[in-house]
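Asks: need a structure here:
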Amino acid sequence: MINIREIRLIDILPPNIAQDSKVRSAAEALDQELQAVTSAIDQCLLLSRIEELPESVVDLLAWQFHVDFYDAGLPIEQKRTLVKNSLDWHRRKGTPAAVEEIIMALFDDGKVIEWWEYGGEPYKFKIVTNNAAVTNEKAHEFIKLLESVKNARSWLEKIEITITDNINFYLAGVIYMGDRLELRQVV
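Replies: Predicted coordinates:
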C-alpha cells in the first residue's frame, strides 16, 4: 500500500515521461509543495482533534461556532466541551429538549412542563426540579442561559422547587357514639 506522506511525484510518473529532464525538474519542484500541503492536512481537522488544540485555537473556534455560554476564563477542558457540543446545541435550539439540557447542566434534575400540561396561560412553561441545592443565584444564571436556547414565543412562568422527604407521621382519632355516660364514685 502506498503511504501518501512518503510518496514522491517522481515515483508515480508514467515511464514514458519520467525520463524527460523538464518533467523530472517540474515533478521535483512540485514535490516539495505537495509534501508541505500533505503535512498540513492534519491542521484542517479541528473538531476531531480538539483535545490536542492549543487554547488560543479553541477560543477562536468558540467565536466561529457562536458558543453561547463561553467564557474566556473557563478551564480549557470546559472550553473544549462547550465547543464540541455547540453544533449539536444549535441544532436543537428552541426545543424543550434544549431547555432540559440546560436544566440538567445547572440543576442536575428537573423537567420542562408546558402550559397545556398544568393549565397555565398559552405559550408559558414552568421548570420543576427536586434539587434542594438550587439557589436564587443559580436560578438567575439559569434564566440568563435560558434566553439563548428557548424559542422566542415561549415565556418562563416560574421555577418550582419541590422537596420531598420521608417524615414519621402519626395520626390518632377517637369516636364516641352513644348516649350520655355518667360515672360515679361509690363509697
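Asks: Okay, strands next: where are they in this protein?
Replies: All strands of the chain, identified by DSSP state E, fall at 111-114, 124-129, 155-161.
Asks: could you dump the ones you listed to CSV with distance to residue 9 and mean pLDDT?
Replies: (C-beta placed from N, C-alpha, C; glycine too.) Shown next, in CSV, are the strands of the chain (distance: least, Cβ to Cβ, whole Å; pLDDT from 0 to 100):
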stretch, distance to residue 9, mean pLDDT
strand 111-114, 59, 91
strand 124-129, 62, 90
strand 155-161, 62, 88
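Asks: Please identify which of those strands is closest to residue 2.
Replies: Closest approach to residue 2 among the strands of the chain (Cβ to Cβ): strand 111-114, 54.7 Å.
Asks: I'd like the distance between the residue positioned nearest the centre of the chain and residue 102.
Replies: Per Cα atoms, centre = their mean, the C-alpha nearest to the average position across the chain is that of residue 85, at 5.3 Å. With distances taken as Cβ to Cβ, to the nearest Å, residue 85 is found 12 Å from residue 102.
Asks: next one: the top helix by length along the chain to chain centre, how far?
Replies: Ordering each helix of the chain by length in residues (DSSP state H) puts helix 21-40 first. Here helix 21-40 is found 45 Å from its chain centre; the criterion is Cα atoms, centre = their mean, to the nearest Å.
Asks: now the residue nearest to the centre of the chain: how far from residue 123?
Replies: Counting by Cβ to Cβ - residue 85 and residue 123 are separated by 28 Å.
Asks: Now do the same contact list for the closest residue to residue 106 other than its chain neighbours.
Replies: Excluding its sequence neighbours, the residue lying closest to residue 106 (Cβ to Cβ, 6 or more residues apart in numbering) is residue 142, at 5.0 Å. When contacts are counted by Cβ atoms under 8 Å, 6 or more residues apart in numbering, residue 142 touches 102, 103, 106, 107, 127, 159.
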